[in-house]
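> Sequence first, then the predicted structure, then my questions.
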Amino acid sequence: MGNENKLINGWLMLHIALCLTFIFAPIAGSFVFSLNSDRFPSLPLGEFSLDWYRAIWNDPLVWSGFGNTVIVGLIVAVIATILGFGGAYTDYRYNFFGKSFYLALALLPPTIPVVIMGLAMLAFLSRIQLSGSTISVVIAHGVMCSPFAMAIIRLRLSQMDPDLEAAAWNLGGNEWATLRHVIIPFTRPAIFAALFITMAVSFDEFAVAWFVSGLNETLPVKILGFLQGQVSPRINAIGSLAFLSTMTLIVLAQLLLRNPNEGSK
Amino acid sequence: MDASTTPPAIVKFDNVVKKFGDFVAVEKADFEIGQGEFMAIMGSSGCGKTTTLRMLAGLEDPTSGDIYLDGERVNGRATWDRDTPMVWQSLALFPFLTVQENVEFSLKMRGVGKAERAKRARKWLEKMQITEFADRGINQLSGGQRQRVALARALVTEPKILLLDEPLSALDAHLKVRMQAVLSNLQKDLGITFVYVTHSMSEAFAMADRVVIMSRGRIEQIGTPEEIYRAPYNRFVAEFLGSANIFDGVVGAATPGGHMVAYDGGEVDLPASELLDAKTGDKVTFMVGAENVDLAPTDAGQDGLAATVVGEEFLGATATVFLETDDGQELKVQKSHAELKAVKCHAGARLIAHWAPSACHVLPGEKG
């Protein structure tokens, strides 16, 4: 530790401080103003007030958007995690011709710009008469989220003793029994982490949802609607709540990934 | 090669070949393992020993040839339908299960009820002296304790055969010797067949009734440790043993009891029994064990090979001395420290190496 360059250290600290400021200042600002009684976000602050939270609590539009988001998030988390598990296990277990192509394809969706993804989804889903409904958001988000689940579960599988599965076969478990009693228990922390992360990604996703959701708008799409109509501190309240929900999911996932339950059972 | 009479076979390899693509992992395995026998399969890494074991376990399918288990041909039968539990080099214990759940695993897979499972697992935990750790996780155990869990987990179904793939390689030397004794006693107690894969000659020779020596997919020799040590079949086995001096010679004139054999550095009269059917003019290769070579000072008038001492390896009560003849052949001589002192053996010293004709063993696999 003693021989580190002080100048470089200083620059790194400054760099981190700037990053954190630019990321968290807007969020902190919106959180502070959500508890402020004034109509417009300005200094000095007015009184402490929960009015804006009360306002969104009583707003049926917010509730419908929130309801759509939660339903979509839950279904997407389950579907994406199942798909991700299948993809990761296939990669772990089998070697086949074109495997690197398969992996590239499976992990591709997050690299596609969301606007293009949204447009493509809209074109495709409307052709098969599935656009403009909650199910269309589920499909689109499922496609976008399963690579995240796959990456997380794949990482966990790579930490598994390569003999473990064969050992279970050798002890009398057929392939299905081994999947159930060895592979899934071993990857369980990653499976839960994948559920939380994919839910968070779906929860936050705006662009694709905007293209395909039609009248069944999710919360982020609703927020844009609010902003276009009027600038209301209610947005700050919604934003703060959305931030807290997402952070909770991410933190849960991180805890699971950091603390695999090895040996603690 | 197979001199000893063996009990009825539980395992039979009939011309088994295993290829991975163009790579021949096992060239032609053709041997039997007797009921209740402790069989070691030994060789350096990549020699095909583990592949042979995995074919027996049902984790690999032979490319050609047949494998019989207890009289039944088992080619193509999945490993979960054979009762051939294996103790893995990595142990492969389930980290998300307790010790007892690990031991119960194969019973659970076979649909044994909960109470019965616990009862049978307890019995094996007791036998392996790990009852007190029953509810612990695997990560809370020491290396030796894990070894015992792995054994209990493999033996809980009371199989007729146990496969072991270098299970001791991760242990330190002291624990290794103790676990060797545990395994040896366990095998005698249970009276079941052990097939033990290892690269270590000391492990194989210490525990096994018979040893299969493999190299590059081929079986070089099968026999009891004494047979192999006393009469290696070919140059590979002799070199593998590590303590053999190997000489190439040509069979010369007949003598009353056999033939003279000329080699680099001299002639030796070998008995006909050693020479098998070799005739005058045939090439033979023979070996002399390092412990059977004697050393004498150059001025003692002893016939033999003149050589220079190039190094010495300390082995406790004895030492191995390495010498080089004037032709560049390396000699190994194993002697007590007193004997070495008596001939003033030190690096750079010139000595005469000599041995009795009876110490020579012709390698039958190198004839012709």
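Arrived safely, thanks for sending.

> Spit out the contact partners of the residue in the stretch 251-368 of chain B that chain A sits nearest to.
Proximity of the stretch 251-368 of chain B to chain A (CB to the nearest CB) peaks at B:Gly365, 35.1 Å away. (Each C-beta comes from the backbone N, C-alpha and C, glycine too.) Contacts for B:Gly365 were tallied using CB atoms under 8 Å, 6 or more residues apart in numbering or on different chains; they are B:Glu220, B:Gln221, B:Tyr233, B:Asn234, B:Arg235, B:Val237.

> Next, it: phi, psi?
For B:Gly365, the backbone dihedrals (degrees, to the nearest 10) come out as phi -80, psi -10.

> B:Glu37 now?
Taking degrees, to the nearest 10 as the convention, B:Glu37 sits at phi -90, psi 150.

> Could you report the distance from it to A:Ala166?
Separation of B:Glu37 from A:Ala166 (CB to CB, to the nearest Å): 25 Å.

> Comparing these two, which residue is more hemmed in?
Each of B:Glu37 and A:Ala166 has its neighbours counted (other CB atoms under 10 Å in any protein chain shown); B:Glu37 has more, 22 against 18.

> where do the helices sit along the stretch 251-368 of chain B?
B:272-275, B:337-342 (DSSP state H, counting those that start in this stretch).

> Show me which residues of the stretch 51-200 of chain B sit near chain A.
Contacts of the stretch 51-200 of chain B with chain A, taken as CB under 8 Å from any CB of the partner chain, map to B:57-59, B:78-80, B:83-86, B:88-90, B:92, B:94-98, B:105-106, B:108-110, B:137-140, B:153-154, B:157.

> Now with 6 Å, please.
Proximity of the stretch 51-200 of chain B to chain A, by CB under 6 Å from any CB of the partner chain, involves residues B:57, B:59, B:79-80, B:86, B:88, B:90, B:92, B:95-96, B:105-106, B:109-110, B:137, B:139.

> residue ranges with poor pLDDT in chain A?
Along chain A, segments meeting pLDDT under 70 span A:1-4, A:41-42, A:215, A:231, A:259-265.

> okay, which residue is most central for it?
The centroid of chain A falls nearest to A:Val201 when counting by CA atoms, centre = their mean (2.1 Å).

> For the helices of the stretch 251-368 of chain B, give me CSV that also has mean neighbour count, distance to A:Gly86 and mean pLDDT.
What follows is the helices of the stretch 251-368 of chain B, written out as CSV (neighbours: other CB atoms under 10 Å in any protein chain shown; distance: least, CB to CB, whole Å; pLDDT from 0 to 100):
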stretch, mean neighbour count, distance to A:Gly86, mean pLDDT
helix B:272-275, 16, 66, 79
helix B:337-342, 13, 67, 87
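
> could those helices be laid out in TSV, adding distance to B:Asp326?
Below are those laid out as TSV (distance: least, CB to CB, whole Å):
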stretch	distance to B:Asp326
helix B:272-275	27
helix B:337-342	21
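
> which stretches of the stretch 101-250 of chain B form strands?
B:161-165, B:193-198, B:210-215, B:218-223, B:244-254 (DSSP state E, counting those that start in this stretch).

> And the contacts of the longest helix that chain B contains?
For chain B, the longest helix by residue count, based on DSSP state H, is helix B:173-190. Applying CB atoms under 6 Å, 6 or more residues apart in numbering or on different chains, the contact partners of helix B:173-190 are B:Phe38, B:Gly144, B:Gln147, B:Leu168, B:Phe194, B:Ala206, B:Met207.

> Compute the inter-axis angle for it and strand B:161-165.
Interaxial angle, helix B:173-190 versus strand B:161-165 (axes from the mean of the first three to the mean of the last three CA atoms, to 10 degrees): 170 degrees.

> per-residue confidence averaged over helix B:173-190?
Mean pLDDT, helix B:173-190: 91.

> chain center to that helix: distance?
Distance, stretch centre to chain centre, for helix B:173-190: 16 Å (CA atoms, centre = their mean, to the nearest Å).

> can I get the CA coordinates of that helix in CSV?
Only the C-alpha atoms of helix B:173-190 are listed here, as CSV (Å, rounded to 0.1, in the frame of the first residue of the first chain):
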residue,chain,number,x,y,z
ALA,B,173,2.3,-37.7,2.8
HIS,B,174,1.5,-38.5,6.4
LEU,B,175,-2.2,-38.6,5.9
LYS,B,176,-1.8,-40.5,2.7
VAL,B,177,0.0,-43.4,4.4
ARG,B,178,-2.8,-43.5,7.1
MET,B,179,-5.5,-43.5,4.5
GLN,B,180,-3.7,-46.3,2.6
ALA,B,181,-4.1,-48.4,5.8
VAL,B,182,-7.7,-47.4,6.1
LEU,B,183,-8.4,-48.4,2.5
SER,B,184,-6.5,-51.7,2.8
ASN,B,185,-8.3,-52.8,6.0
LEU,B,186,-11.7,-51.7,4.6
GLN,B,187,-11.2,-53.8,1.5
LYS,B,188,-10.3,-56.8,3.5
ASP,B,189,-13.2,-56.3,6.0
LEU,B,190,-15.8,-55.8,3.3
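
> Give the burial count for the residue in the stretch 201-350 of chain B that chain A sits nearest to, as a bare number.
Chain A sits closest to B:Glu203 of the stretch 201-350 of chain B, with a gap of 20.1 Å, by CB to the nearest CB. Burial of B:Glu203 is recorded as 23 neighbouring residues (other CB under 10 Å).

> In space, what's closest to B:Phe105 - neighbours in sequence excluded?
Excluding the flanking residues, the one nearest B:Phe105 by CB to CB, 6 or more residues apart in numbering or on different chains is A:Leu171, at 5.4 Å.

> what's the burial count for that neighbour?
29.

> Please determine how far B:Pro62 is located from B:Val237.
For B:Pro62, the distance to B:Val237 (CB to CB) stands at 25 Å.
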